[in-house]
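>>> what shape does this take:
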Amino acid sequence: MVRYTMLALTFALFSVELVPRKMSEYVLAEDDDDDMTSASRFGVRAPMEDANIFSLLTFSWMSPLLKLSQSKQITEDDLWEVPSHIAPVDVAETFDVHWQHELDHHLHCTPSLWRALWRTTGTHIVIGGFFKLIHDSFSLLNPVLLSLLLGFVASHTSASPQPMSHGYFYASCMLGLQIIQTIVFQRSVQIDMDTKLKINTSLTTALYKKSIRLSNESRQEYTTGAVAMLFWTDVARVGGLIDYIYTIWSAPLQVVIVIYMLFNTLGYSVFVGVAIMAASVPLNNHVSKRLFTAIDELTKNQAKRASLIVEVLSGIRAIKLYAWEHPFVRKIQHVRESLELVSLSKYGQTLAWFSISSTAVPFLVSFTTFLIYSLFDNKSHGPLTARLVFVSLSLFGLLRSPLVTFPTAISVIANAKISMNRIHKLLTSNELDLESVTRLESIRRLNYRSSVQGSSGSDNNGFAVQVTDGSFS
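Sure, this is the predicted structure:
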C-alpha cells in the first residue's frame, strides 16, 4: 500500500511540475513570425528563472533559442538577460556588503576574504557538492550492476540459468543509471560554472573599485601592471579552485570505497595494483607540475613576442626613418627562436611524457594484479573469469581518477591561497581620504538633465568648456 501511495504522489508531483509557470516577460513567437525582434520573441527575463525542475535538468528551457538558431545566426541581441542569481551588479553588491561587514568588524578579528566569498557563493557550492555526491554514488553502482549482468550471462552456460527478466532488469538499470548520471553531471557543471562566474565577478569588481581609490602611497606599490596581473592571474586562480574544491572530500571517500570493493572482488592481490597506482601518483604529480611550468613559460614568451611586435608596429615610422629594421628583426627572431620555440619544444616533450605515463600506468596496474591473482590465488574468488576481469577494470578506472586529481587539487588550493593573499593585501591597502575629494557631477548627467528640463540649468549649458566668439590659429 505504501509503495502505491508513493508512486501516486510521485506521478502527481511530476504532473504538477510539467505545468508551465507564469512567465509574463517570456513570450514565444509563432513559427511563421520571423520579423519579430528579439525582445518580443524571447522577452527580457531569462526563461531558466521560471523553468521547472525537469526543464532545468534537461535544459529544455533553451529550446526556443536553439530553434531560432536553425533559421538565423545567433547574435547578442537574441540572448536573454543574465539570470538574477549571477547578474554582475547583484553579485558585486552582495559581495560588497559581506566584505564591508568584514572590514567593519576587523577590530575583533582579521577581515577574511574567504568568509566574504563563502557568504556570497556558499549556497551554490553546497548545491554543487550535493550533485557531486550523487554523481559519485551512481558511478560506484556501475561496477555492481556490471557484475550482476555478467553473472546473468555466465549463468546461461550452467545448469541453472537465471530468468531472462533479470537480464532485462540489469540492462535497464544500467541504462537508466547512465542517463541519470549524465543529467546530474551536467547540472553539476552548470552550477560550478555559475559559482566560478560569481567569484570572478565579485573579485574583479572589488579590485576595480579599490584600484581607483588607492592612496598615493599605495599607488607606488600597486602600479597599473601589478593590478592588471591580479585581474588576469590571481582572480582566475581563485575561480579555478571550484574545479577541484570537491576533490578534497570526494577523492579520499572514493578511494576507500573502491579499494573495499576491489578487495571483495580479487582479495589481497588487489593491493599490489593499488600500491603501483599509489607509487605512480608522485610521478604524475611531478610531470603535471612540469607541464604547468612549461605552459606558463610558453605563455610568457608568447606575450613577450607579441608585446615586442606591438611596440615595433607603433613605432614603425621612427624605425623606417632611422633604418632600424634589421636590429628589430633580429630581436624578434631571438625571442621567437631562442625563447618561444624552445618553450614550445619543452611543452611538447613534457606532454608526451604525461601521455605515456597516463597510458602505461593503468595497463601495468591491471596486468600486475591479474598476474598475482592467477599465480598465487586463483581460488578465493574462483578462477579468473570475464566477470572478475571486467568488474576489476571498471573499479581500477574509478580508482585512477581520484588518485591523479587529489595531488593536483592540493596544488591548485595552495596557488589559490597565495592569490587570495595578494588580493586581500590590495583590498586592505590605504585609500584616499574621501573628505578631501570633491566629486563633480558628470557632464553626461548635466546634459541629460538639461534635455529633460528643457533648459540648461547652468551658465555653460551642461558643457565642461564653453568658448564664445573664439578664433583658432
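>>> gap between the longest helix that the chain contains and the chain center?
When the chain is parsed with DSSP state H, its longest helix is helix 164-211. With Cα atoms, centre = their mean, to the nearest Å as the basis, helix 164-211 stands 10 Å off its chain's centre.
>>> and for stretch 310-330?
In terms of Cα atoms, centre = their mean, the gap separating the centre of stretch 310-330 from the centre of its chain is 42 Å.
>>> report the mean per-residue pLDDT for it.
Mean per-residue pLDDT for stretch 310-330: 87.
>>> mind listing what's buried in that stretch?
Val312, Ile319, Phe328 (16 or more other Cβ atoms under 10 Å). For glycine as for every other residue, the C-beta is placed from the backbone atoms N, C-alpha and C.
>>> repeat for stretch 384-403
Quick answer for stretch 384-403 (16+ other Cβ under 10 Å): 384, 387-389, 391-396, 398-403.
>>> what's the most distant pair in the residues you listed?
With Cβ to Cβ as the measure, no two of the buried residues of stretch 384-403 lie farther apart than Leu384 and Pro402, at 26.0 Å.
>>> burial of Gly167, as a residue count?
If you count neighbours by other Cβ atoms under 10 Å, Gly167 ends up with 17.
>>> okay, and the residue nearest to it when sequence neighbours are not counted sits in which element?
Among residues not flanking Gly167 along the chain, Phe152 sits closest, at 4.8 Å (Cβ to Cβ, 6 or more residues apart in numbering). Assigned by DSSP states H and E, Phe152 belongs to helix 113-155.
>>> between helix 164-211 and that helix, find me the angle.
Relative orientation of helix 113-155 versus helix 164-211 (axes from the mean of the first three to the mean of the last three Cα atoms, to 10 degrees): 160 degrees.
>>> what helices or strands is helix 113-155 leaning on?
When contacts are defined as 3 or more Cβ pairs under 8 Å, 6 or more residues apart in numbering; DSSP states H and E, helix 113-155 packs onto helix 88-104, helix 164-211, helix 247-266, helix 386-427.
>>> averaged pLDDT, it. What do you get?
89.
>>> tell me the angle of that helix relative to helix 386-427?
170 degrees.
>>> can you tell me what sits against stretch 212-224?
Residues from elsewhere that reach stretch 212-224 (Cβ atoms under 8 Å, 6 or more residues apart in numbering): Ser211, Leu426, Ser429, Asn430, Glu431, Leu432, Asp433.
>>> let's go with 6 Å and repeat that
Contact partners of stretch 212-224, identified using Cβ atoms under 6 Å, 6 or more residues apart in numbering, comprise Ser429, Asn430, Glu431, Leu432.
>>> let me have the helices and strands packed on helix 113-155 in JSON lines, extended by distance to Asp78 and mean pLDDT.
Shown next, in JSON lines, are the helices and strands packed on helix 113-155 (distance: least, Cβ to Cβ, whole Å; pLDDT from 0 to 100):
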{"stretch": "helix 88-104", "distance to Asp78": "20", "mean pLDDT": "87"}
{"stretch": "helix 164-211", "distance to Asp78": "20", "mean pLDDT": "90"}
{"stretch": "helix 247-266", "distance to Asp78": "37", "mean pLDDT": "87"}
{"stretch": "helix 386-427", "distance to Asp78": "36", "mean pLDDT": "84"}
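>>> how about those, which one is nearest Leu66?
helix 164-211 (15.4 Å).
>>> and the closest one, what does it pack against?
Contacts defined by 3 or more Cβ pairs under 6 Å, 6 or more residues apart in numbering; DSSP states H and E place helix 164-211 against helix 88-104, helix 113-155, helix 235-240.
>>> could you redo the last one with a cut-off of 7 Å?
Packed against helix 164-211 by the contact rule (3 or more Cβ pairs under 7 Å, 6 or more residues apart in numbering; DSSP states H and E) you find helix 53-58, helix 88-104, helix 113-155, helix 235-240, helix 386-427.
>>> which one of those is the most hemmed in?
With neighbours defined as mean count of other Cβ atoms under 10 Å, these peak in mean count at helix 235-240, which reaches a mean of 20.
>>> mind giving me the packing neighbours of that helix?
helix 164-211, helix 386-427.
>>> starting at the chain centroid, how far to the shortest one?
Pointing back at helix 386-427 there. Taking Cα atoms, centre = their mean, one finds the center of helix 386-427 at 14 Å from the center of the full chain.
>>> that one - contacts with which helices or strands?
By 3+ Cβ pairs under 7 Å, 6+ apart, helix 386-427 packs against helix 113-155, helix 164-211, helix 235-240, helix 247-266, helix 270-314, helix 341-376.
>>> returning to that earlier point: now distance to Thr94 too, for the buried residues of stretch 310-330, in CSV please.
As requested, the buried residues of stretch 310-330 are exported to CSV (distance: Cβ to Cβ, whole Å):
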residue, distance to Thr94
Val312, 46
Ile319, 51
Phe328, 50
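>>> out of those residues, flag the one nearest to Val91.
Nearest to Val91 among the buried residues of stretch 310-330: Val312, at 40.9 Å, using Cβ to Cβ.
>>> how near is that closest one to Val329?
According to Cβ to Cβ, to the nearest Å, Val312 stands 9 Å off from Val329.
>>> same deal with Leu145?
65 Å.
>>> now Ile86
48 Å.
>>> re the thing from before, adding distance to Met62 as columns, could you present the contacts of stretch 212-224 in TSV?
Output for the contacts of stretch 212-224, formatted as TSV (distance: Cβ to Cβ, whole Å):
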residue	distance to Met62
Ser429	43
Asn430	47
Glu431	44
Leu432	46
